[in-house]
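Chemist: Test case, fold it:
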Amino acid sequence: MQKRQLIALIALGCSALVAQAQAPEWKKIRIGVEGAYPPFSEVGADGKLKGFEIDLALAYCAEMKAECTLVQQDFDGLIPALQAKKVDAIIASVSITEERKKTIAFSNAYYNTAARFAGKADAKLDFSPAGLKGKKIGVQRATIHEKFAAAVFKQSEIVRYATQDQAFLDLKSGRIELTLADLVAIDQGFLSKPEGKGFAMIGPNYDDVKYFGTGSGVGMRKADEKTLGKKFNDAIAAVAANGTFKKLNDKYFPYDIAPKK
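Modeler: Residues are numbered from 1 along each chain as shown. Here you go, the predicted structure:
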């Protein structure tokens, strides 16, 4: 072997060792959560975070044997917080879309549900873009629901909110006529509560991959996809295989929200 080739191989080996040494072990992980999206995540009367995704995040952390810190953040600030390295991952019903994949990386999907409109139970509406002309549609900012509503229902008035709960409050008070959201959030976060009386999920299911993606996944920086991403993918698979996901699913929902294989 020529001296130059030998030097190149040694340099390559050293680079690999340095890269391996620099690769994080992810024993400590900061996870960004919303805390205002029941039943996925919310703040209880005791001031503590609770909900399906909170329990699921803790299950993933236990599987990864990692010490996790949950960092509460408004939904529209989660990706900026990730990019600013204030958190290492996001578990907050962030749908895996092609647009978001330009900015961040994702784990495999851990749940998948369709979007629906919520409105007066006796509403007789045509859910075409022309049929909803002039209607006030409430959506949560920075969500797939906002993007879909703005792109499809261009003749409607799109009213944006920091949280989905705020949209539900305005729907109840009559300030808006409809809200577009995840069907589970509508069902469990509004219709099952006293304030949801007289309202219902109306119109069709919306699940166009172009807008709604392929399910919700753990968001992370692209640079961490091979390390942290692998850990989360392994944990997602393990939690599904050992029955923990189903146990949590059944605790919160009367239907299966696991992503279809």
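Chemist: how about the strands in the stretch 151-261 of the chain?
Modeler: Taking DSSP state E, counting those that start in this stretch as the test, the strands found in the stretch 151-261 of the chain are 157-161, 178-182, 199-206, 216-220.
Chemist: ok, the longest one: who's next to it in the sheet?
Modeler: Strand 199-206 has its sheet partners listed here by DSSP bridges as strand 115-120 (antiparallel).
Chemist: Going along the chain, name the helices of the chain.
Modeler: Counting by DSSP state H, the segments of the chain that form helices are 3-22, 52-64, 78-83, 98-101, 144-152, 164-173, 183-186, 209-212, 228-241, 244-252.
Chemist: now the ones you listed as JSON lines including distance to residue 112?
Modeler: Any C-beta I mention is one placed from the backbone N, CA and C, and that applies to glycine too. Below are the helices of the chain laid out as JSON lines (distance: least, C-beta to C-beta, whole Å):
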{"stretch": "helix 3-22", "distance to residue 112": "35"}
{"stretch": "helix 52-64", "distance to residue 112": "13"}
{"stretch": "helix 78-83", "distance to residue 112": "19"}
{"stretch": "helix 98-101", "distance to residue 112": "15"}
{"stretch": "helix 144-152", "distance to residue 112": "12"}
{"stretch": "helix 164-173", "distance to residue 112": "18"}
{"stretch": "helix 183-186", "distance to residue 112": "11"}
{"stretch": "helix 209-212", "distance to residue 112": "9"}
{"stretch": "helix 228-241", "distance to residue 112": "13"}
{"stretch": "helix 244-252", "distance to residue 112": "12"}
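Chemist: Can you tell me which of those helices is nearest to residue 28?
Modeler: Smallest distance to residue 28 across those (C-beta to C-beta): 10.0 Å, for helix 52-64.
Chemist: before we move on, back to that, and among the helices of the chain, the most buried is which?
Modeler: Among the helices of the chain, helix 183-186 has the highest mean neighbour count (mean count of other C-beta atoms under 10 Å), at a mean of 23.
Chemist: Show me the contact partners of that one.
Modeler: With C-beta atoms under 8 Å, 6 or more residues apart in numbering as the test, helix 183-186 has contacts from 37-40, 113-116, 118, 164, 179, 201, 205, 253, 257.
Chemist: Need the max-distance pair from those residues.
Modeler: Maximum pairwise distance in the contacts of helix 183-186, criterion C-beta to C-beta, is 21.0 Å, between 38 and 205.
Chemist: So which of the two has more stuff around it?
Modeler: For residue 38 versus residue 205, the count of surrounding residues by other C-beta atoms under 10 Å is larger for residue 38: 23 against 10.
Chemist: Might you report the residue contacts of the closest residue to the more buried one other than its chain neighbours?
Modeler: Once flanking residues are discounted, residue 38 sits nearest to residue 189: 4.4 Å by C-beta to C-beta, 6 or more residues apart in numbering. Residue 189 is in contact with 37, 38, 39, 164, 165, 168, counting by C-beta under 8 Å, 6+ apart.
Chemist: From residue 101, how far out is the fourth one?
Modeler: Looking back up the chat, that one is residue 164. Residue 164 sits 23 Å away from residue 101, taking C-beta to C-beta, to the nearest Å as the criterion.
Chemist: And for the second one?
Modeler: Distance, residue 38 to residue 101, using C-beta to C-beta: 27 Å.
Chemist: hmm, back to that, could you report the pLDDT at the residue nearest to residue 38?
Modeler: Per-residue pLDDT puts residue 189 at 94.
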